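In: With the input below, show me the fold.
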Amino acid sequence: MFTRKIALFSLLGFKVNLDISWLFLAVLVVWSLATGYFPYQVPGLDASTYWSMAIIGAAGLFFSIVFHEFSHSLVARHYGLPISGITLFIFGGVAEMEEEPENPKVEFLMAAAGPLASFFLAALFWLTARFLESQSFGIGVAAVASYLALINAIVAVFNLIPGFPLDGGRMLRAVLWYWKDDLRWGTRIATGVGDAFGLVLIILGVISIFTGNFIGGMWWFLIGLFLRGAAAASYNQLQVRRLLQGEPIARFMTRNVVVAPPHISLHELIEDYIYAYHYDMFPVVEQDRLIGYVTARDLKETPRELWGHTTVRAISRPLDDGTTIEAQEDALKALAQMRKTGNSRLLVTDRGRLVGIVVLKDLLEFLTLKIDLEGLDR
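Out: Presented below is the predicted three-dimensional model:
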């Protein structure tokens, strides 16, 4: 979903990231507020005031989106669902769940937390705006508070639309899941609604463009495309989980792993291992115990003149960065760990001993073959 994420800060144990696409949204919001919305709502102010109001309004929108996603994340954590982080992107934000909820109740409560949080902020900003107006504190500040009340109400109502992956779609899925005790069936229905709603937005966007509302029409069109794509991707992700869950790692891992001794020099590693086997990563094993791993990138970062008397041990990486997985885990766990860490291969261990290596390419090849034979439910 995301292109490049920029880490912003951590709060309450959650990492907040910014997709670079959100910068485009921020610029567009500031420009539209400064040149259109606020001059229409509060005429007669100078341009610098409008731009200041727009910047504060955009910052308030940023806060509102983070608050919305934090509400999802806190409920998820309360029920033991791991959240890898919160990412803001051009269409809002998303709390990145590593696993599906374990039952319909958790799904419903987690989904409902977002709109409730946005309604809470809408009421809070509305009351703030009315108080500021009654005290004659400043018409500009009151206008910003009124805008934030309006935008939070819109976010809450929009997210209640029962189309997956919107919050309302997740709530619908939870209800259907509870009714039929079938997560896949509930997901298929909810994503179907989301797909249909996305198509409606695309049609409305095209109509708006041809009737003269080009900017508004483009936004409807793009949001519709995003919703349709996200609905299809969400259902396919569930299907992938179904196909991989319970499949043992042993089915995919390579057992006869070429390992590098820690005492050899980097020159020996290159000549006797990298050039001989054409791998770019080797586990480092000492006395039958896995102690780390070394990559071709580590070699590039070491000056060439040091290769002859620098040992593999000196540049080997530790095993605390998500590169290992226990042999009893299943393929779905391995795929989730690869996605979280960015590693395309994992070292499979059994009580500290290296027993194999699992590569993303092998998982994907198995998944492709299984889809060809069994197909995906539609």
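
In: where's residue 138 relative to residue 36, distance?
Out: Noted for residue 138: a distance of 21 Å to residue 36, by Cβ to Cβ, to the nearest Å. (Glycine included, C-beta is placed from N, CA and C.)

In: what do you get for residue 205?
Out: From residue 205 to residue 36 the distance is 19 Å (Cβ to Cβ).

In: neighbour count winner among those two?
Out: Neighbours per residue, other Cβ atoms under 10 Å: of residue 205 and residue 36, the larger number sits with residue 205, 21 against 13.

In: Checking that one next. Helix, strand or coil?
Out: helix (DSSP: H, G, I helix; E, B strand; the rest coil).

In: Residue 45 now?
Out: coil.

In: Kindly list the main-chain dihedrals of it?
Out: phi -90, psi 160 (degrees, to the nearest 10).

In: same check, this time on the one 4 residues further on
Out: The phi and psi values for residue 49, taken as degrees, to the nearest 10, are phi -70, psi -40.

In: what about it, distance to residue 41?
Out: Distance from residue 49 to residue 41, by Cβ to Cβ: 12 Å.

In: likewise residue 14?
Out: Computed as Cβ to Cβ, the residue 14 to residue 41 distance reads 34 Å.

In: So for these two, which sits in the more crowded spot?
Out: The residue with more neighbours, out of residue 14 and residue 41, is residue 14; 20 against 16, by other Cβ under 10 Å.

In: quick one: contacts for that one?
Out: 70, 73, 83, 85-86 (Cβ atoms under 8 Å, 6 or more residues apart in numbering).

In: Run a quick neighbour tally on residue 42.
Out: Residues near residue 42, counting by other Cβ under 10 Å: 17.

In: Same check on residue 240?
Out: 17.

In: for residue 144, phi and psi?
Out: phi -60, psi -40.

In: start at 357 instead
Out: Sounds good: first residue 357 from here, last item residue 500.

In: List the residue ranges of the stretch 557-706 of the chain that fall below the pLDDT cut-off.
Out: 571, 676-677 (pLDDT under 70).

In: which stretches of it form helices?
Out: 570-600, 622-625, 631-633, 652-656, 668-671, 687-697 (DSSP state H, counting those that start in this stretch).

In: Run the chain-centre distance for the shortest one.
Out: In other words, helix 631-633. Distance, stretch centre to chain centre, for helix 631-633: 37 Å (Cα atoms, centre = their mean, to the nearest Å).

In: outside of it, which residues touch it?
Out: So helix 631-633 is in contact with residue 614, going by Cβ under 8 Å, 6+ apart.

In: if we can go back for a sec, adding distance to residue 509, write the helices of the stretch 557-706 of the chain out as CSV.
Out: Formatted as CSV, the helices of the stretch 557-706 of the chain follow (distance: least, Cβ to Cβ, whole Å):
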stretch, distance to residue 509
helix 570-600, 18
helix 622-625, 62
helix 631-633, 61
helix 652-656, 50
helix 668-671, 56
helix 687-697, 35
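
In: doesn't residue 544 make contact with residue 588?
Out: No: at 11.1 Å, residue 588 does not count as touching residue 544 under the criterion of Cβ atoms under 8 Å.

In: So the two - more neighbours on which side?
Out: residue 544 (18 against 15).

In: Residue 551: neighbour count?
Out: Residue 551 has 19 nearby residues by other Cβ under 10 Å.

In: what sits against it?
Out: 519, 583-584, 587-588.

In: Phi, psi for it please.
Out: phi -60, psi -40.

In: So for it, what's the pLDDT?
Out: Looking at residue 551, its pLDDT is 87.

In: Any figure for the gap between it and residue 576?
Out: From residue 551 to residue 576 the distance is 16 Å (Cβ to Cβ).

In: picking up where we left off before, out of the contacts of residue 370, give me the two with the largest separation.
Out: Using Cβ to Cβ, the two most remote members of those are 426 and 441, lying 11.4 Å apart.

In: When the two are compared, which one has more neighbours?
Out: Using other Cβ under 10 Å as the criterion, residue 426 and residue 441 rank with residue 426 on top: 21 against 18.

In: Could you verify my assumption that residue 609 touches residue 712?
Out: Yes: applying Cβ under 8 Å as the test, residue 609 and residue 712 come out as touching, 3.4 Å apart.

In: Quick check: neighbours shared by these two?
Out: residue 704.

In: quick one: which of the two has more around it?
Out: residue 609 (22 against 19).

In: which other helices and strands contact the host helix or strand of residue 714?
Out: Using DSSP states H and E, residue 714 maps to strand 709-715. Counting contacts by 3 or more Cβ pairs under 8 Å, 6 or more residues apart in numbering; DSSP states H and E, strand 709-715 packs against strand 637-642, strand 645-651, strand 701-706.

In: how far out from the middle of the chain is the last one?
Out: Just to be clear, that refers to strand 701-706. 25 Å.

In: Name the residues of it that are buried.
Out: 701-705 (16 or more other Cβ atoms under 10 Å).

In: And the furthest pair within the residues you listed?
Out: Among those, 701 and 705 lie farthest apart (Cβ to Cβ), at 13.3 Å.

In: I'd like to check the angle between whichever helix or strand residue 722 is part of and strand 701-706, please.
Out: Residue 722 is part of helix 716-730 when elements are defined by DSSP H and E. Here the directions of helix 716-730 and strand 701-706 differ by 90 degrees (axes from the mean of the first three to the mean of the last three Cα atoms, to 10 degrees).

In: now for helix 716-730, which elements pack on it?
Out: helix 570-600, helix 687-697.

In: could I get the ones you listed as CSV with distance to residue 456?
Out: Output for the helices and strands packed on helix 716-730, formatted as CSV (distance: least, Cβ to Cβ, whole Å):
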stretch, distance to residue 456
helix 570-600, 7
helix 687-697, 10
